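A.B. asks: pasted the sequence and its predicted model underneath.
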Amino acid sequence: KAGVTQTPRYLIKTRGQQVTLSCSPISGHRSVSWYQQTPGQGLQFLFEYFSETQRNKGNFPGRFSGRQFSNSRSEMNVSTLELGDSALYLCASSSRLAGGITGELFFGEGSRLTVL
Amino acid sequence: ILNVEQSPQSLHVQEGDSTNFTCSFPSSNFYALHWYRWETAKSPEALFVMTLNGDEKKKGRISATLNTKEGYSYLYIKGSQPEDSATYLCASLNNNDMRFGAGTRLTVKP
């Protein structure tokens, strides 16, 4: 069973540009969540999608957006990039436990974004 | 705002030592508590997902307990080995909103 795939793995952008990151979940997983990790910080929750609907959103500005397609693949977009957006962006897919509770997360290897 | 706190921030132990870390989380609207192991240059990997008060789970030398009434979970590693060196993250799912702690960085010296 293929794992979670994130592309691109590394990218360099300049301030003011926008970026789109892609995440392909494990086959059969309908839930995809995104996290940002910066030096010295834990994983900060960005948003979660389930069956093409955003279920939860973290405390990030509107420049951060996402979407999920009918095949459960997800993209996140960051517009008007700032230096502080330099980070590792992790995507995770999961199945649902009884009661609709999010099951264990399976993480991709991440997309490392550097903003110059 | 949900606060998930982990302690200690970092820990250095000798090979063969047993160790434990703490995760405290909001007990209101609690759904589940996750533990992950994150090795350098790899992706976080799930260790346990616990939902019920009093839950105890074990995987090899690693075990975890859960107290949902007081909002804490312990992770234990028995007989630490150098390959256990990693950051251990906990995440609390409250109202279907998942929040991670900052992690405990464990270094096991041979």
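C.D. replies: Arrived safely.
A.B. asks: quick check: the gap between the residue nearest the centre of chain A and B:Glu70.
C.D. replies: With distances taken as CA atoms, centre = their mean, A:Trp34 lies nearest the centre of chain A, 2.8 Å away. As judged by CB to CB, to the nearest Å, A:Trp34 and B:Glu70 stand 31 Å apart. All C-beta spots, glycine's among them, are computed from the backbone N, C-alpha and C.
A.B. asks: returning to what we had before: what residues does the residue nearest to the centre of chain A make contact with?
C.D. replies: If you count contacts by CB atoms under 8 Å, 6 or more residues apart in numbering or on different chains, A:Trp34 has them with A:23, A:45-48, A:66, A:74, A:76, A:89-92.
A.B. asks: in strands, which of those appear?
C.D. replies: Among the contacts of A:Trp34, the members falling in strands (DSSP state E) are A:23, A:45-48, A:66, A:74, A:76, A:89-92.
A.B. asks: narrow those residues to those that are buried.
C.D. replies: Listed as buried from those are A:23, A:45-48, A:66, A:74, A:76, A:89-92; burial here means 16 or more other CB atoms under 10 Å in any protein chain shown.
A.B. asks: run through the residues you listed and flag the ones next to chain B.
C.D. replies: Residues of those in contact with chain B (CB under 8 Å from any CB of the partner chain): A:45, A:48, A:90.
A.B. asks: surely the last one meets A:Gln37?
C.D. replies: Yes - using CB atoms under 8 Å, A:Leu90 is in contact with A:Gln37, at 6.4 Å.
A.B. asks: what about the strands in chain A?
C.D. replies: In chain A, strands defined by DSSP E lie at A:5-7, A:10-13, A:19-24, A:31-37, A:44-50, A:53-57, A:64-68, A:74-78, A:87-94, A:106-107, A:111-115, listed in chain order.
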